[in-house]
Every structure is written in structure tokens, then in C-alpha cells.
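*Asks:* sequence below, structure please.
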Amino acid sequence: MVDSGADLPIDELERLNIHLVPVRISIGARDYLDKVSLSPHEFYRELRDSPVHPRTSQPPPGDFRRMFEFLLSHHDNVVYVGLSGALSGTLQSALAAAVADSFDMLCVDGARSTNDTVLVLANGRAGAVAYSALFDGLAEVCGSLAEQMARDAEGATKFVRVRVVGARSQADARTAARAVANSQLVQCSLNGADPYWGRILSELGASGAHLDPERVDIAYNGVTVCRDGIACDHDAAALEREMSGHDIEISCDLRSAHGEATVLTTDLSHAYIDENRRTS
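*Replies:* Next comes the predicted model:
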């Protein structure tokens, strides 16, 4: 959902299924709804020909309320982020970047719902805001919300970060990390507190990311169990303690270059199956 001040053409809004809340435009005694009863072409024509300059005003709270009610009646999840800033199109760019490293890097069961939504609004009260500060704030909020969603996932007994470093590119790192996080075999072994690193190496190799399996290192919470693609000596007692905990980080060093990425996921439990074996 965006207000019509966002610099997005109507066909792009329709393609991305983005709902529009129109800005109010007044030209003399005539009132319009931006991009609803007055097209951009008509607006610029009025700007050129009208003896009075158009005036704009933000959508009233009731318009947003009705849109929220509509979205909540049609979607399972609606994430709302409210901001104050004189931001215009910068806001959408910052949100897209923040979502790419948070919600887009969250995987519980490999499925992506068509009903999940992320919204961000700005009311302008803070005045001008530096892009770096805006992005850092959005990234922190989106990252926290994505982590909360993973921690609250259906039937989850483990919260897991799959971190891939040393990839040939960031795209390769994301591909490899997502392959491990999406693996039901890896998730099942996590539920059983079993450091079955062979499944991880297999998923890395099948992911399509560039790697040499004889250079890969794998660790659970800092305890390295695979070095150069084969089992290595490690502290078995320390590993058992780490695997029995709730938070686990799987680190995969591909040792190819400098690309890195992290995907949030969970284990796959009996409770998850019980929750989803019938129609909700």
C-alpha cells in the first residue's frame, strides 16, 4: 500500500498488486483524487492551463483506516511500519532494500504466501531525513520483525541462522544459504539436535552456487565439524551442548571469495506437521 505521492505508474501498481490511497488535489473549487479522478496527464495539463495553481493535501486518516481494514480482511499477515520523514520516493527504495535482507531472507517451510504484506508510511513531521539514517532504521525494524516471525513459527523448537560466507558473490551466498534453510532434511536433523553436516554440504552443492566441496568448512555455533569438505576433530561435548539449545547458527565458509548472506529458518517438528496436516 502506498499513497499516490509514490512515483509509481498505475500499470506498475497493478502488476505488483500495490493498493493506492489517493492524495487529495484541489484546483480552484474543484476537488479530485490523485490518479483516481485525475490522471497525471490531466494534472499537468491543469498545471499548465489553469489560472490557479493546484493544491494537494495528504489522505485523511479514514482513508488509511479503510484500506487497512480491507487488507486485513483479505490477507493473513500485514506488517505495518510507520515513519516520520520528508521522503517521497526515497522511502520506497529504502524499504525495498531493508526487506531484501530481512523478510526476503526468512524461510520456515519453503513456502511464500501471496497474502503476506509489508507496509511503510511517512507523515512528514520529522522533516528531512538522511537516507543512511532512514535505511538503518528500516533495516533494524524489518530485521527484528523477521526474527520475531521465525521465533514464533508454527511448531518451531529451534531458531536458526544459516550464514554463508566466502561465496563468489552475494547472489551465490543467498542462493546457497536459502538452499540449506529450505532443506527439510536439514530442518529435521536440527529438530533431533543432530549435527548432520553432510546434509548441509549436499544442499550447498545442489544449490547451483559456485563452490569447491573440498574447500568448504561447516560449523554449528562456532564448533567446526567439517573442514575442507571432510569431518574434522572437534569438542563433542561442546557440540552436544550447542545442539541442545534453542538458538543455532550454521556457518558455511565456501572459501571462494567474499560474498556472504544469512537466512533465518527453524527446525521441522512434529508440532508443525500436526498444525498443517489439516485445513486451517
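*Asks:* please count neighbours and contacts with C-alpha atoms only from this point.
*Replies:* Will do.
*Asks:* you'd agree Asp233 is up against Val225?
*Replies:* Yes. With contacts counted by Cα atoms under 8 Å, Asp233 reaches Val225, the gap being 7.0 Å.
*Asks:* who has more neighbours, these two?
*Replies:* Val225 (22 against 10; other Cα atoms under 10 Å).
*Asks:* need phi/psi at the more buried one.
*Replies:* When quoted as degrees, to the nearest 10, the phi and psi of Val225 stand at phi -110, psi -20.
*Asks:* can you pull the pLDDT of it?
*Replies:* pLDDT for Val225: 98.
*Asks:* wait, doesn't it sit right on His234?
*Replies:* Yes. Here Val225 reaches His234: they are 6.2 Å apart, a contact under Cα under 8 Å.
*Asks:* centre-most residue in this protein?
*Replies:* Phe103 (1.7 Å; Cα atoms, centre = their mean).
*Asks:* contacts only, for that one.
*Replies:* Taking Cα atoms under 8 Å, 6 or more residues apart in numbering, we find Phe103 in contact with Cys142, Gly143, Ala146.
*Asks:* span of stretch 196-213 from start to end?
*Replies:* 16 Å (Cα to Cα, to the nearest Å).
*Asks:* for it, buried residues please.
*Replies:* 197-201, 203-205, 207, 209-211, 213 (16 or more other Cα atoms under 10 Å).
*Asks:* now these in CSV, with pLDDT?
*Replies:* Putting the buried residues of stretch 196-213 into CSV (pLDDT from 0 to 100) gives the following:
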residue, pLDDT
Trp197, 98
Gly198, 97
Arg199, 97
Ile200, 98
Leu201, 98
Glu203, 97
Leu204, 98
Gly205, 97
Ser207, 97
Ala209, 97
His210, 96
Leu211, 95
Pro213, 96
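*Asks:* for the chain, give me the ranges with low pLDDT.
*Replies:* Scanning the chain with the threshold set as pLDDT under 70 gives 6-7, 78-90, 280.
*Asks:* tell me where it has strands.
*Replies:* 2-3, 20-21, 24-27, 30-33, 55-57, 78-83, 117-122, 159-167, 217-220, 223-227, 230-231, 247-253, 259-266 (DSSP state E).
*Asks:* go through the ones you listed and name the closest to Ala98.
*Replies:* strand 117-122 (10.8 Å; Cα to Cα).
*Asks:* the closest one pairs with which strands, and in what direction?
*Replies:* Partner strands for strand 117-122, per DSSP bridges, with pairing direction: strand 78-83 (parallel).
*Asks:* which stretches of the chain form helices?
*Replies:* Under the criterion DSSP state H, the chain contains helices at 10-15, 40-49, 61-74, 89-100, 131-151, 170-182, 184-191, 197-206, 236-244, 270-276.
*Asks:* looking at these, which one is packed in the most?
*Replies:* helix 170-182 (a mean of 24; mean count of other Cα atoms under 10 Å).
*Asks:* remind me what that one packs against, helices and strands.
*Replies:* If you count contacts as 3 or more Cα pairs under 8 Å, 6 or more residues apart in numbering; DSSP states H and E, helix 170-182 packs onto strand 159-167, helix 197-206, strand 259-266.
*Asks:* distance from the centroid: which residue in the chain tops it?
*Replies:* Pro51 (47.1 Å).
*Asks:* now that one. Its backbone dihedrals?
*Replies:* Dihedral angles (degrees, to the nearest 10) for Pro51: phi -70, psi -20.
*Asks:* then Arg112?
*Replies:* phi -120, psi 120.
*Asks:* in CSV, list the helices and strands packed on helix 170-182 along with distance to Asp274.
*Replies:* Shown next, in CSV, are the helices and strands packed on helix 170-182 (distance: least, Cα to Cα, whole Å):
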stretch, distance to Asp274
strand 159-167, 19
helix 197-206, 25
strand 259-266, 16
